[in-house]
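Peer 1: turn this into a structure:
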Amino acid sequence: MPVMDGLEATAKIRSSEIPASDQPYIIAITANAMASDRLACLNAGMNDYLSKPLSRQDLATALRMAAKAKGVAVSDVMAYEASP
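Peer 2: I've put the predicted structure just below:
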């Protein structure tokens, strides 16, 4: 991103006046696959972390967790996971 990276953007979102219940569920998707990268993302306030290359299963699992955390039905996630 030209102005700030994902860590900065997440920290800014998390420090905003938006109530915690209304804040987005943030999943890091990055080519950086070191354990320290994962920890940096989670410490910045991201809810989950996926490294590239993504598997369909890992993405579906992360989306399922996000849906549950936000109280959204997971049926759409399950349909995505089952598609070819």
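Peer 1: helices along this protein, start to end?
Peer 2: 6-14, 35-43, 56-70, 75-82 (DSSP state H).
Peer 1: okay, buried residues for the longest one please.
Peer 2: For helix 56-70, a neighbour-count test (16 or more other Cβ atoms under 10 Å) marks 59-60, 62-67 as buried. Quick note: C-beta positions are derived from backbone N, CA and C, even for glycine.
Peer 1: how about the residue most central in space within the chain: which residues does it bridge to?
Peer 2: Ranked by distance to the mean C-alpha position of the chain (Cα atoms, centre = their mean), the top residue is Ile27 at 0.9 Å. Here Ile27 sits in beta bridges with Asp48, going by DSSP bridges.
Peer 1: where among the helices of the chain is the average confidence lowest?
Peer 2: When these are compared on mean pLDDT, helix 75-82 scores lowest, with a mean of 62.
Peer 1: hang on, the earlier thing: so who does the residue nearest to the centre of the chain touch?
Peer 2: 46-50, 62-63, 66 (Cβ atoms under 8 Å, 6 or more residues apart in numbering).
Peer 1: could you dump those to JSON lines with distance to Ser16?
Peer 2: Below are those laid out as JSON lines (distance: Cβ to Cβ, whole Å):
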{"residue": "Met46", "distance to Ser16": "15"}
{"residue": "Asn47", "distance to Ser16": "16"}
{"residue": "Asp48", "distance to Ser16": "20"}
{"residue": "Tyr49", "distance to Ser16": "21"}
{"residue": "Leu50", "distance to Ser16": "24"}
{"residue": "Ala62", "distance to Ser16": "23"}
{"residue": "Leu63", "distance to Ser16": "24"}
{"residue": "Ala66", "distance to Ser16": "19"}
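Peer 1: what's the closest of the residues you listed to Ala31?
Peer 2: Set against Ala31, the nearest of the contacts of Ile27 by Cβ to Cβ is Leu50 (10.6 Å).
Peer 1: can you tell me how far that closest one is from Ala66?
Peer 2: For Leu50, the distance to Ala66 equals 11 Å [Cβ to Cβ, to the nearest Å].
Peer 1: now do Ala9
Peer 2: Distance of Ala9 to Ala66, given as Cβ to Cβ: 17 Å.
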